[in-house]
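Visitor: based on what follows, work out the 3D shape:
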Amino acid sequence: MEKIVECIPNFSEGRRRWVVDAIVEAIKSVEGIKMLDVEMDWDHNRSVISFVGNPEAVVEAAFRGAQKAVELIDLNKHKGEHPRMGAVDVIPFVPVRGVTMDECIELANKLAKRIADELKMPVYLYEEAARVPERKDLANIRKGEFEGLREAIKTDPSRKPDYGPCEVHPTAGAVAVGARKPLIAFNVNLGTQDIKVARRIARRVRFRSGGLYGVKALGFEIKEKNCVQVSMNLIDYQKTPVWLAYENVKLLAERYGVPVIESEIVGLIPVDAVRDIVKFYLKANDFKSEQILEMKMMGLGETIEEIFNKVASSKPTPGGGGVSALSYGMGMALLSMVCGLTLKKKKYKDREKYLKPILDSARKEVYRALELFDEDSEAFKLMMRVMREGGDVEGAILKAIEVPMEVMKGSLKGVEWAEEVAKWGFEGAITDVGCANLQFKSAYEGAKYNVLINLKSLENKEKRGEIKEELKKMDEGFYNKARVVEEKIWEGLRDE
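Guide: Numbering: from 1, shown residues only. You can find the predicted model right below:
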């Protein structure tokens, strides 16, 4: 299983776009990194950048981002609402897939040592990477901020860094590097300019003051909006969900005669946290994350490796029918790629009328193929259940035929589109069209196997005859089209 780690460094710059862009480019310069989100906040004068990748790439990208921040940010000139002690203020590693928290702690130590050695900055380990209990809480490390730490690090033994010199970098300060679970940065803006109200509410909701579990909170002035803010980090959103934090702030604000005017989520939020919000406010007790359209369409939560493992298991599903559906989806995905690649080229602009409709439709078929992958398994399970427990056996058999028939019809549509794409698509991608054609052929014949095996169990002879006649017509159309596409591919491959 591929190892994936998320890193969410916070930088003390939220006003100069060019500086943040330079940091982002430094991070993106590492191969294997995927940028997820960039958030800039003017009042806090802070940016939060989220990216993922394999452990080695993430550590390298985090270092390059820190290096660029040290080069471009001078804390002596920095002012903002958010507490800070470093140009790159905090760098957490979060395990995403195939990685343990212990491995993230190792990554934190690896990066901390490199920052200390090469950038000459003091580095503190926090959260799960902390070596002493007091440093699990970032607030204890950041106490006094850049200005206060400048003297304390030299005289107070408890402020000695885990790595690096016992003096702050003259312009870049110090940095905290750690490992933690996913957190949600959640802010609530109040309809008042009285900072005391925000600070009192923050004190009441934060965990260390006896408030909500896993909540860190501060009160800030948001001058740009003429209001104050209760800014929270929800360290464990499963124990203290977003809605609970919001309702507590709202209740306390009402006691001070102050309205909530808006809230904001900074950076990314886990889909399960969104589910909990929907369940609470809509009283949708049975709502599941899988009901979110984009999750279903994109197949989020199931990687290719996980799908392979499901197919490779000893369970009867997913089987050949599901794999045929995936082949059909792969064919559509390849056609989408060739259409998109062609339309990006200015000299092929006149081909848009031929390829754009195919591009739009083929993308939708990819999502349908993912649905059919699941539907094939469900149809098989239904048939097994009714045969075991009784019920409409004929109906279950017809359902088990219906799904692969749709794959066959989709594959027929695919080879028809492949003929057009082979004709109008970018010539350098002709073999990709050929591969799509082969995927459709595999999908068509694999699905046909499933239709025929289930057709043998159907007792309704009239219905069986209708389906056989439909298969005969489809075969003629499919193989004629597939052959035309194949000839077109080989024509494009001949050595002049």
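Visitor: what are the phi and psi values for residue 131?
Guide: Main-chain torsions, residue 131, degrees, to the nearest 10: phi -90, psi -20.
Visitor: before we move on, what about residue 4?
Guide: The phi/psi pair for residue 4 (degrees, to the nearest 10) is phi -130, psi 130.
Visitor: what residues are up against residue 35?
Guide: Residues in contact with residue 35 (C-beta atoms under 8 Å, 6 or more residues apart in numbering) are 24, 27-28, 49-51. To be clear about C-beta, it is placed using only N, CA and C from the backbone, and glycine gets the same treatment.
Visitor: which SS class is it?
Guide: strand (DSSP: H, G, I helix; E, B strand; the rest coil).
Visitor: beta partners of it?
Guide: As for beta bridges, residue 35 partners with residue 51 under DSSP bridges.
Visitor: quick one: the contacts of residue 35 as TSV, columns for pLDDT too.
Guide: What follows is the contacts of residue 35, written out as TSV (pLDDT from 0 to 100):
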residue	pLDDT
24	96
27	97
28	94
49	95
50	94
51	94
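Visitor: buried ones among the residues you listed?
Guide: Buried subset of the contacts of residue 35 (neighbour count, 16 or more other C-beta atoms under 10 Å): 24, 27, 49-51.
Visitor: what's the closest of these to residue 181?
Guide: When those are compared for distance to residue 181 (C-beta to C-beta), residue 50 comes out closest, at 14.6 Å.
Visitor: for residue 37, see how far away the closest one is.
Guide: As judged by C-beta to C-beta, to the nearest Å, residue 50 and residue 37 stand 4 Å apart.
Visitor: common neighbours of the two, please.
Guide: 267-268.
Visitor: following the lowest-mean-pLDDT helix or strand in the chain, which helix or strand comes up?
Guide: Taking mean pLDDT, DSSP states H and E as the measure, helix 293-298 is the helix or strand of the chain with the lowest mean score, a mean of 60. Next along the chain after helix 293-298, taking DSSP states H and E as the criterion, comes helix 304-312.
Visitor: list the helices and strands that next one packs on?
Guide: helix 320-343 (3 or more C-beta pairs under 8 Å, 6 or more residues apart in numbering; DSSP states H and E).
Visitor: specify the angle between the helix or strand following the helix it packs on and helix 304-312 in degrees.
Guide: Counting by DSSP H and E, the element after helix 320-343 in chain order, helix or strand, is helix 352-389. Relative orientation of helix 352-389 and helix 304-312, computed by axes from the mean of the first three to the mean of the last three C-alpha atoms, to 10 degrees: 40 degrees.
Visitor: please identify the buried residues of the helix or strand following helix 352-389?
Guide: Once helix 352-389 ends, the next helix or strand along the chain (criterion: DSSP H and E) is helix 393-424. Neighbour-count burial for helix 393-424 flags 396-401, 403-422, 424 (criterion: 16+ other C-beta under 10 Å).
Visitor: same deal with stretch 17-26?
Guide: For stretch 17-26, burial by neighbour count (16+ other C-beta under 10 Å) applies to 19-20, 22-24, 26.
Visitor: now the residues you listed in TSV, with distance to residue 129?
Guide: Formatted as TSV, these follow (distance: C-beta to C-beta, whole Å):
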residue	distance to residue 129
19	27
20	26
22	28
23	23
24	25
26	23
